[in-house]
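>>> pasting the sequence and the predicted coordinates here, then a few questions.
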Amino acid sequence: MSSAPPKSHTPTSLPAPTHNLRRIGLVPFVAVLFAYCTGGPFGFESMISTSGPGLALTFLLVVPLLFAVPISLAAAEMATAMPVEGGFYRWSRAALGDFWGFQTGWWNWTGTFLMSASYGVAMADYLNAWIPLHSRWQHWVVAVLFLGLVALINVLGIRLVGQLTLLLLVASFIPVIAFIVLGYHQAHFNPFHPFFPAGRPWREAYGVGLSLALWSYAGYEQLSTVIEEVENPRRNFPLGLALVIPLTIATYAGTLAAGLAALGNWQVWETGYMVTAARLVGGAGLGTAMFAAAAIANFILLESTMLSVTRVPLTMAEDGYLHPSLARINHRFGTPARSILLTTAFCAGLAVFSVPQLIAVYAWSRIATSTLTLISFWQMRRKYPDLPRSFRVGGGTLGALTVMILPMLLFAWALFNSDPSTRLWGTLSLISGPVAYAWIRRHGRVAKDGA
């Protein structure tokens, strides 16, 4: 049995709470946040051979200060001012109005179809390494089965998601910690040498490394969508961000530095090489365990992504943008079951594509969403200066401008250096937002401004 959705909020007004939701404490929330933002030290190994070990490790240490920290500070302040379900989508709507609020929600929701589909495809890739899948059809079916399993877990509730994520994280970090200990014990090389690969064009080395670092440190505002499902969100959301960022830096830089110090073979590192490095450092057993850890990391990435993104259609439906049925909360589990199932269906349809194809287009939606979130942070201060904020970014106007502009400069650079083949699809994905908004307004799904 499901509860009826609340009436739509007045456009651009401050949103009311979403009811009948379950809540999780700080520890499982940190686990889910870490799973979403990090997962494990996997997926960016190619930056070592392309950018050089010194430059790559420098990116992993410096980029979070210029990117993850500013976005986290902005999200933390807005979360304490307006701790409502939908998070950054509703912050953008309250700060920037209906049109840009809709774009934030639409771009995030539809873009994450691509991201979640890529995780399902990657899970099928991992299984294919153990049990060969002899056709594209078999590969797609396996990807859809993984997506279905994650959807079921999410329907059963955020508490199950939090507990399962915490358990899987602990299990996956056993081989990671063993690798770090063995790597430093066998250290014979300077992990920062050489700083830059000789003969490599500067733009290529710099571009690939920075793009992968940006990708690795993205997403710290995304779990704001479940903020009403976190106990004491004004305290636990900023605290969770403060805990996860240093954990992520240590996971990325510490693991790669251990492998480079032990092996020194930076020229051969490529995506997925962490498993090979573990085998070389600790034998076949550690290599197998690291492979399992990589698969677990991908699974919890998918699980936490599904948790985050499905609250966007829930709150957009509450606000009158999408069909009211998507705002129904299942009484038994306290979850937006219909939003979860619809999102999963779209992801399943996209699982026929490869991971690089899906991620390249998704990057455009992610950058657009994060940019609007940062602008909303600035506008929220101007539009709602009297809202109580238990956390506030320091430095006055200069501090707020710094937090907003630093990540946006990196976004602009990343788009400028993006693959030309993805620009068409990336642009079309963004154009879909205004088109959808115009269609919805024309058909009366949401009240017009001033109506």
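Structure received.
>>> residue ranges for the helices of the stretch 1-150 of the chain, please.
26-37, 46-51, 53-66, 68-81, 88-96, 98-130, 136-155 (DSSP state H, counting those that start in this stretch).
>>> pull out the buried residues from the third one.
Read it as helix 53-66. 53-60, 63-64, 66 (16 or more other CB atoms under 10 Å). (Glycine included, C-beta is placed from N, CA and C.)
>>> state which helix of the chain is the longest.
The longest helix of the chain (DSSP state H) is helix 273-309.
>>> so which bits of it are buried?
Within helix 273-309, the residues that count as buried by 16+ other CB under 10 Å are 273-282, 286-287, 289-309.
>>> again with stretch 255-267
255-263, 265-266.
>>> same question for stretch 139-158.
139-140, 142-144, 146-148, 150-151, 153-158.
>>> and if you look at stretch 425-439?
426, 429-430, 432-433, 436-437.
>>> from those, which two are the most distant?
Maximum pairwise distance in those, criterion CB to CB, is 18.6 Å, between Gly426 and Tyr437.
>>> pull the contacting residues for the nearest residue to Ser116 once chain neighbours are set aside.
Leaving aside its chain neighbours, Ser116 sits nearest to Cys347 (4.3 Å; criterion: CB to CB, 6 or more residues apart in numbering). Contacts here follow CB atoms under 8 Å, 6 or more residues apart in numbering; on that basis Cys347 touches 113, 116-117, 120, 147.
>>> quick one: Cys347 from Ala438, how far?
In this structure, Cys347 and Ala438 are 26 Å apart, going by CB to CB, to the nearest Å.
>>> and the end-to-end length of stretch 43-61?
17 Å (CA to CA, to the nearest Å).
>>> what mean pLDDT would you report for it?
Averaging pLDDT along stretch 43-61 gives 90.
>>> same deal with stretch 94-112?
Rounded mean pLDDT across stretch 94-112 is 93.
>>> please apply the same query to stretch 170-188.
pLDDT averaged over stretch 170-188 gives 96.
>>> okay, the closest residue to Gly426 other than its chain neighbours: pLDDT?
Nearest non-adjacent residue to Gly426, counting by CB to CB, 6+ apart: Trp364, 3.2 Å away. pLDDT for Trp364: 83.
>>> output the below-cut-off pLDDT ranges for the stretch 301-450 of the chain.
Where the stretch 301-450 of the chain drops to pLDDT under 70, the residues are 353-361, 418-419, 421, 444-450.
>>> go again using 80 as the cut-off
350-363, 414-425, 443-450 (pLDDT under 80).
>>> just the strands in it please.
For the stretch 301-450 of the chain, no strands are identified by DSSP state E, counting those that start in this stretch.
>>> check contacts around Leu241.
Per CB under 8 Å, 6+ apart, neighbours of Leu241: 33, 72, 75-76, 220.
>>> now do the contacts for Val176.
Contacts of Val176 by CB under 8 Å, 6+ apart are 40-41, 251, 255, 290, 293.
>>> the residues you listed: which two are farthest apart?
Thr251 and Met290 (13.4 Å).
>>> tell me the contacts of the spatially most central residue of the chain?
Nearest to the mean C-alpha position of the chain, counting by CA atoms, centre = their mean, stands Gly219 at 3.8 Å. Going by CB under 8 Å, 6+ apart, Gly219 touches 36-37, 366.
>>> quick one, which of the helices of the stretch 1-150 of the chain gets closest to Phe196.
helix 53-66 (5.6 Å).
>>> excluding covalently adjacent residues, which one is nearest to Gly148?
Gly148 sits nearest to Thr344 (CB to CB, 6+ apart), 6.7 Å away.
>>> dump the residue contacts of the one you found.
Contacts of Thr344 (CB under 8 Å, 6+ apart): 116, 147-148, 150-151, 306.
>>> so which of these is the closest to Leu21?
Using CB to CB, the contacts of Thr344 come closest to Leu21 at Met306, 16.1 Å.
>>> which residues in the stretch 151-300 of the chain form helices?
Using DSSP H, counting those that start in this stretch, helices in the stretch 151-300 of the chain cover 158-185, 202-216, 233-263, 273-309.
>>> turn those into CSV, including distance to Trp413.
Formatted as CSV, these follow (distance: least, CB to CB, whole Å):
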stretch, distance to Trp413
helix 158-185, 31
helix 202-216, 7
helix 233-263, 20
helix 273-309, 25
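>>> which one of those lies nearest to Ile48?
That would be helix 233-263 among the helices of the stretch 151-300 of the chain, by CB to CB, at 6.8 Å.
>>> who's in contact with Ala436?
102, 106.
>>> any idea how far it is from Ser92?
Taking CB to CB, one finds Ala436 at 16 Å from Ser92.
>>> over to Gln222?
Counting by CB to CB, the gap from Gln222 to Ser92 is 13 Å.
>>> tell me how many other residues surround Gly272.
16 (other CB atoms under 10 Å).
>>> and it, its phi and psi?
phi 90, psi 0 (degrees, to the nearest 10).
>>> which residues touch the closest residue in space to it that isn't next to it in sequence?
Distances taken as CB to CB, 6+ apart place Glu45 nearest to Gly272, at 6.8 Å, with adjacent residues excluded. Neighbouring residues of Glu45 by CB under 8 Å, 6+ apart: 256, 269-274.
>>> can you rerun that using 6 Å?
With contact taken as CB atoms under 6 Å, 6 or more residues apart in numbering, Glu45 is in contact with 269, 271, 273-274.
>>> for it, phi and psi?
phi -60, psi -30.
>>> for it, give its distance to Thr369.
Counting by CB to CB - Glu45 and Thr369 are separated by 27 Å.
>>> next one: Thr80
Counting by CB to CB, the gap from Thr80 to Thr369 is 21 Å.
>>> so between these two, which is more surrounded?
Thr369 (25 against 19).
>>> hmm, that one is touching Trp107, no?
Yes. Taking CB atoms under 6 Å as the definition, Thr369 is a contact partner of Trp107 at 5.1 Å.
>>> Pro41 contacts Ala250, correct?
No. Under the criterion of CB under 6 Å, Pro41 is not in contact with Ala250, lying 9.8 Å apart.
>>> show the contacting residues for Trp100.
Contacts of Trp100 by CB under 6 Å, 6+ apart are 92, 372.
>>> kindly apply the preceding question to Pro64 instead.
Taking CB under 6 Å, 6+ apart as the test, what Pro64 contacts is 217, 249.
>>> and if you look at Thr38?
So Thr38 contacts 248, 251 (CB under 6 Å, 6+ apart).
>>> could you measure from it over to Phe179?
From Thr38 over to Phe179 (counting by CB to CB), the distance is 16 Å.
>>> try Leu166
Applying CB to CB to Leu166 and Phe179 gives a distance of 21 Å.
>>> compare the two (neighbour count), which wins?
The residue with more neighbours, out of Leu166 and Phe179 and counting by other CB under 10 Å, is Phe179; that gives 26 against 20.
>>> do you know how far that one is from Ala289?
Phe179 is 9 Å from Ala289, where distance means CB to CB.
>>> sounds good, over and out.
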